[in-house]
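> Dropping a prediction and its sequence here:
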Amino acid sequence: MDIHEYQAKEILSGFGVETPSGALAYSPEQAAYRARELGGERWVVKAQVHAGGRGKAGGVKLCDSEAEIYDACEGLFGKKLVTHQTGPEGKGVYRVYVESTVQIAREIYLGFVLDRSSQRVMIVASSEGGMEIEEISIEKPDTIVRSTVEPAVGLQEFQAREIAFKLGLEPGQVQAMVRTLQGCYAAFSELDATMVEINPLVVTSDSKIVALDAKMSFDDNALFRHPQVAELRDKSQEDPRESRAADRGLSYVGLDGNIGCIVNGAGLAMATMDTIKLAGGEPANFLDIGGGASPERVAKAFRLVTSDSNVQAILVNIFAGINRCDWVAEGVVLALKEMNLDIPVVVRLAGTNVEAGQKILAQSGLPIIRAGTLMEAAERAVAAWQSDIGQSAKTLGAAI
Ligand code: GDP
Ligand code: MN
């Protein structure tokens, strides 16, 4: 789960990381009022969306008066901000964060990620702040400092000092940097984060170390033990199809094609999508029903997949180990009977209770297309989708 910049800053500042003073606003009027409360002569107005690259996309504006803040906000509220991380559809701006500006002397990049190969939290830092880490790693790879944290002892002071020295910080700035690094590490590990990124982390003209930007993501599977983090979720920033599925305990990934996929397991999902592409089709999504899915759960999956209007055919591909093919078949029949679907449905079942499953499908009297192998299933789904499209074009032609 991702959160907003202002939320990440609030969390990090609770762990001792210095952030500029700022205030949240839900309207241009409120933003101007908040700036007056903050005081000073110069502010930065920042669109709160779950994506980076806002600066380049016009989502971060420096303002010298309340009138400028008002105008900057008029151009942001209710609009979709399109950055290189949002995709072409952009993300809606419904909140802005107003901050007092700081005098920047240096910009640093700082990130904390899970490094799967070392199975450790890895700190990635660079003296080239402000640029994206992908750019830094191409253009200035020598400036990148990496350090992995031993989980049994946490981030040690000497290790944090070493990072500070490698970044070329002056002796008087090292202690503040150590506090920042340890604060971020504590927030990361105590709250089950998967990513903390501060870009830029700045050294101010009076040698303070301040997080000018902040991004945090959390492990969805650990949210149950951090209710204070879970409640920061902002559904306006999520794909509505994916959040509907998450609310129902199903994992769903929305894509751009026309064939909806209901599968069990992420690996089988990948293989199914590859095979659909090989057969000349494009997946619209995939929905993982997980293990031991009841007929009701399968029916729920069907309702979710078909609620996406791009779906023009469905491929169910189940390799049942813990699952049971007869339950999956019952779920498919249950869903089709109640939903009156007029799109082709292809089902391929293998594994536990496959004969019973096939029998249920065959005896249902429903126009379910069955397939033995995955390749066959993908080809039938694509062929059925193509002829269905042809049919509707013909019907449309006749109607006109
Ligand atoms: P991002 O583009 O989504 O990563 O948003 P950032 O929060 O990183 O802001 C983009 C850029 O705006 C930063 O790299 C800074 O150069 C600039 N910026 C943000 N806050 C301030 C500030 O308080 N003072 C100044 N001078 N520049 C700022
Ligand atoms: Mn940034």
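On my side now, so go ahead. Ligands and ions are numbered 1, 2, ... in the order given.

> What parts of the stretch 51-200 of the chain come near ligand 2?
When proximity is defined as CB under 5 Å from the ion, the stretch 51-200 of the chain approaches ligand 2 at residue 199. Every C-beta, even on glycine, is put in place using the N, C-alpha and C of the backbone.

> which residues does residue 314 contact?
259-262, 302, 305-306, 341, 343-346, 381 (CB atoms under 8 Å, 6 or more residues apart in numbering).

> how about it, secondary structure?
Here residue 314 is recorded as strand under DSSP: H, G, I helix; E, B strand; the rest coil.

> now it: how far from ligand 1?
Counting by CB to the nearest ligand atom, to the nearest Å, the gap from residue 314 to ligand 1 is 38 Å.

> That residue bridge partners, please.
Beta bridges link residue 314 to residue 260, residue 345, judged by DSSP bridges.

> pLDDT and distance to residue 207 added to the contacts of residue 314, as a markdown table?
Below are those laid out as a markdown table (pLDDT from 0 to 100; distance: CB to CB, whole Å):
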| residue | pLDDT | distance to residue 207 |
| --- | --- | --- |
| 259 | 96 | 58 |
| 260 | 95 | 57 |
| 261 | 96 | 55 |
| 262 | 95 | 58 |
| 302 | 89 | 61 |
| 305 | 92 | 56 |
| 306 | 89 | 59 |
| 341 | 84 | 66 |
| 343 | 91 | 64 |
| 344 | 93 | 67 |
| 345 | 94 | 66 |
| 346 | 96 | 65 |
| 381 | 94 | 63 |
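
> Which one of the residues you listed is nearest to residue 230?
Top of the list for closeness to residue 230, among these and by CB to CB, is residue 305 at 26.0 Å.

> and that closest one, what element?
When elements are defined using DSSP states H and E, residue 305 is found to belong to helix 295-306.

> Report the contact partners of the nearest residue to residue 357 once chain neighbours are set aside.
Sequence neighbours aside, residue 325 is the residue nearest to residue 357 in space, at 3.1 Å (criterion: CB to CB, 6 or more residues apart in numbering). For residue 325, the residues meeting the contact criterion (CB under 8 Å, 6+ apart) are 318, 349, 350, 351, 352, 353, 354, 356, 357, 358.

> ok, now with 7 Å
Contacts for residue 325 (CB atoms under 7 Å, 6 or more residues apart in numbering) come out as 318, 349, 351, 352, 353, 354, 356, 357.

> Give me the next element, helix or strand, following the strand or helix carrying the first one.
It refers to residue 318. Element membership for residue 318, per DSSP H and E: strand 313-320. From strand 313-320 onward toward the C-terminus, using DSSP H and E, the following helix or strand is helix 325-339.

> Run the angle between that next one and strand 313-320 for me.
For the pair helix 325-339 and strand 313-320, the angle between their directions (axes from the mean of the first three to the mean of the last three CA atoms, to 10 degrees) equals 160 degrees.

> In the chain, what residue lies closest to ligand 2?
Among residues of the chain, the one nearest ligand 2 by CB to the ion turns out to be residue 213. It sits 3.5 Å away.

> Check which helices and strands the helix or strand hosting residue 274 sits against.
Element membership of residue 274, judged by DSSP H and E, is helix 266-278. Helix 266-278 is packed against strand 259-263, strand 283-288, strand 313-320, helix 374-399, with contacts defined by 3 or more CB pairs under 7 Å, 6 or more residues apart in numbering; DSSP states H and E.

> between the helix holding residue 305 and helix 325-339, how big is the angle?
Interaxial angle, helix 295-306 versus helix 325-339 (the same axes, to 10 degrees): 50 degrees.

> Measure how far helix 295-306 is from the centre of its chain, please.
Using CA atoms, centre = their mean, to the nearest Å, we find the averaged C-alpha position of helix 295-306 to lie 23 Å away from the chain's own average C-alpha position.

> So residue 134: helix, strand or coil?
Going by three-state DSSP, the secondary structure assigned to residue 134 is helix.
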